[in-house]
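Engineer: Provide a 3D model corresponding to the input given below.
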Amino acid sequence: MAATRVLLDTGPLVAYLNRNDQHHRWAIECWSALFDPLWTCEAVLSEAMFVLQSEKADAEPLLRLLERRIIRLDFVLDNHRSDAWRLLRKYADQPMSLADACLVRMAELADPCQVFTTDKDFLVYRRKGRHVIPLLSPFGR
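Structural biologist: Numbering: from 1, shown residues only. This next block holds a predicted model:
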């Protein structure tokens, strides 16, 4: 049986790196129980860098996680463009971010997987049309 691939969202990444984040303690506990690597996409990294810089937090630790390949990228949006657009249209009422669309698409491609998130919208999102996305989150599931 394949290992569960952990797909990293912006919230836990920022929480792990920013001591002032409301989910910092939870993120630290979860990360300590996970095995490297964690997988994400450029859209999540862009959001995380923006949030960290907006909160005057140091972004250097994020770069080190990437350099040490603890966080890895293997999703190329251009290769999944039509699927991402489909998801953005389907969940326009949320509204779904591009990062969320990429993570849902990654969850469709990786089985088994778990999305590591603080975003409650993932309780609504479905992969492959109607399948619940397994979550590692502070709100369960």
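Engineer: doesn't L7 make contact with T40?
Structural biologist: Yes - counting by CB atoms under 8 Å, L7 is a contact partner of T40 at 6.7 Å. In short, each C-beta sits where N, CA and C put it, glycine included.
Engineer: anything in contact with each of the two?
Structural biologist: L103 (CB atoms under 8 Å, 6 or more residues apart in numbering).
Engineer: give the next helix or strand downstream of the helix or strand harbouring L45.
Structural biologist: Using DSSP states H and E, L45 falls within helix 42-54. Downstream of helix 42-54, the next assigned helix or strand under DSSP H and E is helix 60-67.
Engineer: give me the buried positions along whichever helix or strand comes after that next one.
Structural biologist: Scanning forward in sequence from helix 60-67 by DSSP H and E, the next helix or strand is strand 71-73. Within strand 71-73, the residues that count as buried by 16 or more other CB atoms under 10 Å are I71.
Engineer: try stretch 75-85
Structural biologist: F75, H80, D83, A84.
Engineer: returning to what we had before: the helix holding L45 vs helix 60-67, what angle?
Structural biologist: 160 degrees (axes from the mean of the first three to the mean of the last three CA atoms, to 10 degrees).
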